[in-house]
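Visitor: Got a sequence here, can you model it:
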Amino acid sequence: RDCAATMAFGMEAVAGGTDLLCIGEMGIGNTTIAAAINLALYGGTAEEWVGPGTGSEGEVLQRKIAAVEKAVALNRDHLSDPLEVLRRLGGREIAAMAGAILAARMQKIPVIIDGYVATAAGAILRAANPSALDHCLIGHVSAEPAHMKAIEKLGKTPLLALGMRLGEGTGAALAAGIVKSAAACHSGMATFVQAGVSNRS
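Guide: Numbers count the residues shown, from 1 in each chain. Have a look, this model is predicted:
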């Protein structure tokens, strides 16, 4: 119930005239959660999905890896359903972001996803329905080592690669400028006929 309610909270956040949704997050420890989600969805090893996040290294990084391994092992028998992956391994921020992305899909609102954690929220939806992220773009690939691998699993290409170790929406805000410019160019572009261009050489 808590997971569904949190997704509904995220869905409600999209109500009211939104024309472009940028998804990001702030927090400590949620790259660990994102790594656990990716490990549960895609397999491999915890080391492949766990990165330094806000600067973990040495013993702290090893604790992150161990936590991801333990979480996935503890819930192994329930991880064939993506929504169970969300319920058992995700945090509230991931459930809320997933809900917002889902609501945007239903309302035909384009979405720019920002950062490793927000990408994990999108991965839950895509695992449940392969077309669930057809309205989404990836704003930027972060410096988190596994982020590009997670993006590739979604079949996406990031708009920007600036080496930022951020997920707070900064990359999505920068990418929004590109999206708006592309939309303006597309909608304002004259056809060859309108521009008086002949196709004869």
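Visitor: Tell me where the model's unsure across this protein.
Guide: 54, 165-168, 198-201 (pLDDT under 70).
Visitor: Around L20, how many other residues sit close by?
Guide: L20 has 15 neighbouring residues, counting by other C-beta atoms under 10 Å. In short, each C-beta sits where N, CA and C put it, glycine included.
Visitor: where's it relative to M7, distance?
Guide: Note on L20: its distance to M7, by C-beta to C-beta, to the nearest Å, is 21 Å.
Visitor: try P130
Guide: Taking C-beta to C-beta, one finds P130 at 19 Å from M7.
Visitor: which of these two has more neighbours?
Guide: Ranked by neighbour count (other C-beta under 10 Å), P130 and M7 place M7 first, with 27 against 10.
Visitor: which element is that one on?
Guide: When elements are assigned from DSSP states H and E, M7 belongs to helix 2-12.
Visitor: How about A35?
Guide: A35 belongs to helix 30-42, assigned by DSSP H and E.
Visitor: Can you name every helix or strand that that helix contacts?
Guide: Identification of packing neighbours for helix 30-42 by 3 or more C-beta pairs under 8 Å, 6 or more residues apart in numbering; DSSP states H and E yields helix 46-49, helix 58-74, helix 82-89, helix 92-106, helix 115-128, helix 147-153.
Visitor: Looking at the ones you listed, spot the one closest to D134.
Guide: Of all the helices and strands packed on helix 30-42, it is helix 92-106 that lies closest to D134, at 7.7 Å by C-beta to C-beta.
Visitor: The closest one vs helix 82-89, what angle?
Guide: 160 degrees (axes from the mean of the first three to the mean of the last three C-alpha atoms, to 10 degrees).
Visitor: and the next element down the chain from the helix of greatest length in the chain?
Guide: The single longest helix within the chain, with elements called by DSSP state H, is helix 170-188. Where DSSP H and E defines the elements, the next helix or strand beyond helix 170-188 is helix 192-195.
Visitor: That following helix: which residues count as buried?
Guide: For helix 192-195, a neighbour-count test (16 or more other C-beta atoms under 10 Å) marks nothing as buried.
Visitor: Please apply the same query to stretch 9-20.
Guide: For stretch 9-20, by 16+ other C-beta under 10 Å, it's G10, M11, A13, V14.
Visitor: Quick check, L174 in contact with H140.
Guide: Yes: counting by C-beta atoms under 8 Å, L174 touches H140, with 7.0 Å between them.
Visitor: shared neighbours of these two, which are they?
Guide: L160, L162 (C-beta atoms under 8 Å, 6 or more residues apart in numbering).
Visitor: Which one of those two is surrounded by more residues?
Guide: More crowded of L174 and H140, by other C-beta under 10 Å: H140, with 26 against 18.
Visitor: Understood, closing this out.
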